[in-house]
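1. structure for the following, please:
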Amino acid sequence: MRSEKQRPPLFFSLLLVAAGVLALAASFVRENKESVSVTPSVSRDERFADLGNQHIDSKEDEHASYNSVPPTSGPHIGSSVAPWGVHDEQIPDELQVHNLEDGGVIIHYDPVRVDGDTIEKLRTMAGKYVSQLILEPYTQPALPSPIVLTAWTQLLKLEQFDEERIDTFIKKYRGVDHHSKNE
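-> Numbering: from 1, shown residues only. All right, here's what the predicted structure looks like:
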């Protein structure tokens, strides 16, 4: 007869197997949880339908609504463009769209959601370009993200300063002319 203190070898084997399965499951859950939380969501360029390049005389002229905020194409003042470079005030949408048509890229930032250090980093980046780049605060309507880059039919939303993503967007779209072949 077995004493109470003796356990059959099968009991210990099952206990070890169960502990091993639990440890393996916990490891699997932890690895998957870490891979999800460590990998940030990467913003992708968003493409919007081309609304054409109808010229209007002034920002007060009635025109079709834009399909993005800030706009990436559509009706715009045909007689002038905004000066390239750093701006301290928002440029009217109807003017900046002409800059996009001319191959420009615009970096828009929400001055309420972007701190002074980040604005200085954006100014430094913008200072590298003599033409076809604008940096501007954008307040009306509200930006979908603290920092937004636009080019003709293209938009990139950033929750924080990302020099590599900004440089990539600028290099990809700056200098691409979008005038109609009939102009």
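2. could you chop this protein up by domain?
-> Listed domain ranges for the chain are 7-39, 46-173 (source: automatic domain parsing).
3. and the longest one, end to end?
-> Taking CA to CA, to the nearest Å, the first and last residues of domain 46-173 lie 13 Å apart.
4. how about the contacts made by Q132?
-> Residues counted as contacts of Q132 (CB atoms under 8 Å, 6 or more residues apart in numbering) are W84, N99, D102, G103, G104, V105, R174, G175. (C-beta placed from N, C-alpha, C; glycine too.)
5. now for the nearest residue to the last one once chain neighbours are set aside, how many residues are close by?
-> Taking CB to CB, 6 or more residues apart in numbering as the measure, G175 lies nearest to G103, with 4.8 Å between them; neighbours along the chain are not counted. Counted by other CB atoms under 10 Å, the residues lying close to G103 total 17.
6. from here on, call the first residue 28.
-> I'll keep to 28 as the first residue from here, and by that count the last item is G130.
7. residues in contact with G130?
-> Q159, W179, Y200, R201, G202, V203, D204, H205.
8. do that again at 10 Å, thanks
-> S158, Q159, A178, W179, Y200, R201, G202, V203, D204, H205, H206 (CB atoms under 10 Å, 6 or more residues apart in numbering).
9. by neighbour count, which of those residues wins?
-> Neighbour tally across these (other CB under 10 Å): the maximum, 25 neighbours, falls on A178.
10. for the residue nearest the centre of the chain, give its distance to H103.
-> The residue lying closest to the centre of the chain (CA atoms, centre = their mean) is K184, at 2.2 Å. Distance of K184 to H103, given as CB to CB, to the nearest Å: 22 Å.
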